[in-house]
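In: I'd like to go over a predicted model; first the sequence, then the structure.
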Amino acid sequence: MGTPTHCPYCALQCGMTLSRGGAETGGGTGKRGGAETGATVRVAPRDDVPANRGGLCQKGWTAAELLTAPDRLTAPMMRRSRDAPLEPCTWDEALDRVAAEASRLRALHGPDAVAVFGGGGLTNEKAYQLGKFARVALGTSQIDYNGRFCMSSAAAASGRAFGMDRGLPGPVTDLAASGAVLLAGGNVAETMPPFMRHLTEMRDGGGALIVVDPRRTATVRQADLHLQPVPGTDIALANGLLHLLIAEGLADEDYIAARTTGFGAVRTVVNAYWPDRVERITGVPVPRMREAVRLLARAGRAHVLTARGAEQHARGTDMVSAFINLALALGLPGRAGSGYGCLTGQGNGQGGREHGQKADQLPGYRRIDDPAARAHVAGVWGVDPETLPGPGSSAHELLSALGTAAGPKALLLFGSNPVVSAPGAAAVEERLGALDLLVVADFVPSETARRADVVLPAAQWAEESGTMTNLEGRVLRRRRAVPPPDGVRTDLEIIGALAGRLRAPGEWSTDPAEVFAELRRASAGGTADYSGITYERIEAEGGVFWPCPSRDHPGTPRPYLDRFPTPDGLARFVPAEHHGADEDVDAGYPVYLTTGRVLAQYQSGAQTRRVPALAEAAPGPFVELHPDLAARLGIEDGGQVRVESRRGTATVRARLTGAIRHDTVFMPFHWAGEGRANLLTNPALDPVSRMPEFKVCAVRLEPAAASPPHAPGA
Ligand code: SF4
C-alpha cells in the first residue's frame, strides 16, 4: 500500500504512488535520511489516472530524489547585517524580523512597499492563501507570480474568445479520437512524454499530427506534417491557414453563423494573408500550409493546441487569438471531442491562475476591479471591501520596480526562482539587490534564495497535502506521503504565522482541508467555481472538472457544449495582424534565438538539477545551431560559444544539428550562471497579457575561449 498522489512537476500531473520501506533500488527512489525515518520512498506510476495511464517520464520516475536533496533547507536563515552571510536562526527570529520589517516599510512608504511573488507550482490552497495574505495581511496590490511568464497569453486570448480560460477543452483522452491535431509551439515528446501516447493513439486510428515549430523536435519526428516558421511569425502563419480554409470553401459556415460573432472583421484581415505572402513571411511552403488546412478540415473531430512557442511573445495574445480564429472557423470549440486548447506548463499553472495570486484577480477567476467580486470575496474574508487593494503590476513590471524610489522595498517570494527564470535576468538580480528585504520560502537554496535576507525552509510536494488542477481543468488531490524533516514548515504554516504577527483580521488556517473549504466559498459564483468540489469527491471520482457550482453538480469536463460563457453565449473572433518579433535580426545581431525546455530538466532547474540522474542526462547549458551556420561562424560541435544579445552575454557549449533553421539558434533555460538563457531574452511585454517575449530575440555568436567544464548544480 502506498500513497496515491501526483508528480511534483508539470501540468500533466501524472498519477504516481509513493511507498515507504523496502530496498533502495536505483532511480525511482529517494532515501529520507536523518533520525526521522531512514526510510526509502519509492515511486510507481498509477494506471488509474487517464493523463498518464501507467506512464511517467524520467523526471517523474526520479521525483522521490527531491526528498533527499543533499542541500535541503531544514533551518531558517538570515543575514545579521547587509553584507553578512546567511546564518541559521530560530523560526521566531526569522518570522519576527520579516513581520517587523514589513510593518516598518509599510509605515514609511505605504502598503505597496511590500510585494509578494508566487508560483505556478503552488497548490490551490497555497495560491489562494498567498493572494489573501497579500490583500488582507499586507494590504498590498503588488502580488503576481511566475505563471505570468507561462500561461498568461493563452489565458487572455481564451478569455476574450470564449469568456473563460481553461486549458484543454475536454479530457486529455479525447485527443485519441481526434482526426487531426495541430500543435503550435509545443514539444510534448520532451516536456511531457506520457502525453504523446494520446497523440500516438490518434495517429494509430488514422488521425494526423501537424506540428508548428522552428525546430525539428522529438515531437516533430512523430508528426505527419511539420510547419517550420521563422520565430515570431505565427500570426501570419495562422492567418494564412485561415485564408486558405476560406478560399477552399472549407470553413464551417453553419457553425460560424450559429455559435460565433466577429467573423467578418477577421475575414477582412486574413484576406491580406494570401499564400505566397505568408510563405515569404514565415518560410513555410504553400503546399504544406494547404495540406495542413485540408487535414484539419476533413478530420471530423479535431483540435488546435498552442503551447509556449506560440504564446511567449510580445504579441502572444494575438498569436493565440489567430489560432483560436482558425479553430472557430473549423467549427471546433464547443463540439464534443474537438476544440481549442492550451497546454499548461507548470504543475498547477491552471489552478494557480484561478485563485488570486495574479495581480488582477480574486479567487474564482474574479476580477479584482469588479465591485461585486470584491464584495463577495471580502465577505468570505471578513473584511470591508473598501480595504482590498486594486490591481497590481504584472510579474516583470513588479520585478523591474523592486528597490526603485516608487517601487516595493521588500519582496516575499514563494515557489519561484526569478534569478534564473525571468527575462533580462541580470537586471532582475540587480533589482533584488536593491531591496531592503528579500524573503524566500523554498526547500532548496535556489539562486534567488541565496540572495535573500531571510530564508524560510518549506515543505515540498510529498510532505504536504492539497489540490492541484491539471491541464485538463481537473482538480486532483496531492497527498502527504512522508512528514517534512524536523525544522521545516509548510507554506500555509509560514503564511499563518506571518499573518498572526501582522495582526491580520480573519481566519488563517494552516490545515489544507480548511483552506480548501474557504476557497470553495470564495470561488462560489465565479468563473472558476470550485464550490461543489470536495476532497471526498475528488477521491471518489478520480478528480473533478471545474466549474462545479454545487455538490450535486457533476463537474464540467467539456465546457461550451451548449453555449460559451460570454454575455450573448457566442464565441468571439478577434482580428490579429502580423507584426513580427519585437526585436528583429539586423546586421549587428543577425540570428534569432529561441528558448525552451529539455526532457531531463524542469523550469529553472532548482529541483531537477539536484536529481543525480537528471543532472547526468542534461548536465549543462548549450546552444543548438545548424552546421551551416556554425561553419560560417567558425564554431565547432562541443566548442564554447559566446551568445550575445542587447541585454547580455551567455557562454555555452555548441550542439550542432540539422534539425533547426539556418537563421535560428535554440537554448534551454534551466541553468544558472554564465550559461543562463535569460541573460539574453527580451522582456518586451504583450500589451494584453504582459507576457515577456521569451521565444524570440536577436543575437550574435562567436567562438569563445575554452572554459572549465560545467559545475554540477550551477
Ligand atoms: Fe511528471 Fe510531467 Fe513527466 Fe508526468 S510528464 S512524469 S507530470 S514531469
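Out: Sure, I can see it. Residues are numbered from 1 along each chain as shown.
In: Which single residue of the stretch 151-300 of the chain ends up nearest the ligand?
Out: Of all residues in the stretch 151-300 of the chain, M192 sits closest to the ligand, at 3.8 Å by CB to the nearest ligand atom. Where C-beta positions appear, they are placed from N, C-alpha and C, glycine not excepted.
In: contacting residues for that residue?
Out: By CB atoms under 8 Å, 6 or more residues apart in numbering, the contact set of M192 is 10-12, 57, 343.
In: farthest-separated two in the residues you listed?
Out: Spanning the widest gap among the contacts of M192 are C57 and L343, at 14.6 Å by CB to CB.
In: Now the stretch 551-700 of the chain against the ligand: closest residue?
Out: Y602 (6.5 Å).
In: neighbours of that residue, just the number please.
Out: 26 (other CB atoms under 10 Å).
In: looking at this, it is in a strand?
Out: No: with DSSP: H, G, I helix; E, B strand; the rest coil as the criterion, Y602 is assigned coil and is not in a strand.
In: Please identify the buried residues of the helix or strand containing P683?
Out: According to DSSP states H and E, P683 maps onto strand 682-685. Buried residues in strand 682-685, counted by 16 or more other CB atoms under 10 Å: 682-685.
In: Equivalent analysis for stretch 259-275, please.
Out: By 16+ other CB under 10 Å, the buried positions in stretch 259-275 come out as 259-263, 266-267, 269-270, 273, 275.
In: how about the residues of the protein near the ligand?
Out: When proximity is defined by CB under 6 Å from any ligand atom, the chain lies next to the ligand at 7, 9-10, 12-14, 52, 56-57, 59-60, 192-194.
In: In this protein, which strand is the longest?
Out: strand 648-656 (DSSP state E).
In: Find the closest residue to the ligand in the protein.
Out: Residue nearest to the ligand within the chain (CB to the nearest ligand atom): G60, separated by 2.4 Å.
In: What score does that residue have for pLDDT?
Out: pLDDT recorded at G60 is 94.
In: just L245 next, same as before
Out: You'll see L245 listed with a pLDDT of 98.
In: Specify the local secondary structure of it.
Out: Assignment for L245 (three-state DSSP): helix.
In: Surely it is in contact with A292?
Out: No: checked against CB atoms under 8 Å, the pair L245 and A292 is beyond contact range at 9.6 Å.
In: which one of the two has more residues nearby?
Out: A292 (27 against 24).
In: Verify the stated contact: that one with A184.
Out: No: the pair A292 / A184 is not scored as a contact, 10.7 Å apart, by CB under 8 Å.
In: The stretch 601-714 of the chain: strands as residue ranges?
Out: Assigned by DSSP state E, counting those that start in this stretch, the stretch 601-714 of the chain shows strands spanning 622-625, 640-645, 648-656, 664-668, 682-685, 692-693, 697-703.
In: Least confident of those strands, on average?
Out: Mean pLDDT per stretch puts strand 692-693 lowest among the strands of the stretch 601-714 of the chain, at a mean of 86.
In: ok, that one: who's next to it in the sheet?
Out: Strand 692-693 sits in its sheet next to strand 682-685 (antiparallel), going by DSSP bridges.
In: can you pull out the helices in the stretch 51-200 of the chain?
Out: 58-61, 91-109, 124-132, 152-162, 188-191, 196-204 (DSSP state H, counting those that start in this stretch).
In: Please name the nearest non-neighbouring residue to Y560.
Out: G334 (3.8 Å; CB to CB, 6 or more residues apart in numbering).
In: what's the nearest residue to G339 once chain neighbours are set aside in contact with, if anything?
Out: In this structure, G339 finds its nearest non-sequential neighbour in P169, 2.9 Å apart by CB to CB, 6+ apart. P169 is in contact with 303, 333, 338-341, 558-560, counting by CB under 8 Å, 6+ apart.
In: Moving C-terminal from the least confident helix or strand in the chain by mean pLDDT, which element do we reach first?
Out: Lowest by mean pLDDT, DSSP states H and E among the helices and strands of the chain is strand 29-31, with a mean of 61. Toward the C-terminus, strand 29-31 is succeeded by strand 40-45 as the next helix or strand (DSSP H and E).
In: Strand partners (parallel or antiparallel) of that next one?
Out: Applying DSSP bridges to the sheet, strand 40-45 is found paired with strand 15-20 (antiparallel), strand 29-31 (antiparallel).
In: so where's the stretch 1-150 of the chain uncertain?
Out: Residues of the stretch 1-150 of the chain meeting the criterion pLDDT under 70: 22-39.
In: cutoff 50 now
Out: The model of the stretch 1-150 of the chain has pLDDT under 50 over residues 23-27, 33-38.
In: Settle this for me: R647 is touching L679, isn't it.
Out: Yes: using CB under 8 Å, R647 is in contact with L679, at 6.8 Å.
In: domain parsing for the protein?
Out: Following automatic domain parsing, one gets these domains for the chain: 3-68, 77-82+91-149+354-510, 154-342, 591-703.
In: Show me the least confident stretch of the ones you listed, going by mean pLDDT.
Out: In terms of average pLDDT, domain 3-68 trails the rest of the domains of the chain, at a mean of 81.
In: and it, how far out from the chain's middle?
Out: 22 Å (CA atoms, centre = their mean, to the nearest Å).
In: got the end-to-end distance for it?
Out: End-to-end distance for domain 3-68, by CA to CA, to the nearest Å: 18 Å.
In: Let me see the ranges of the strands in the stretch 151-300 of the chain.
Out: So, for the stretch 151-300 of the chain - with DSSP E, counting those that start in this stretch - the strands run 180-184, 208-212, 225-227, 260-261.
In: With distance to R72 added, can I get those strands in JSON lines?
Out: Below are the strands of the stretch 151-300 of the chain laid out as JSON lines (distance: least, CB to CB, whole Å):
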{"stretch": "strand 180-184", "distance to R72": "37"}
{"stretch": "strand 208-212", "distance to R72": "39"}
{"stretch": "strand 225-227", "distance to R72": "43"}
{"stretch": "strand 260-261", "distance to R72": "52"}
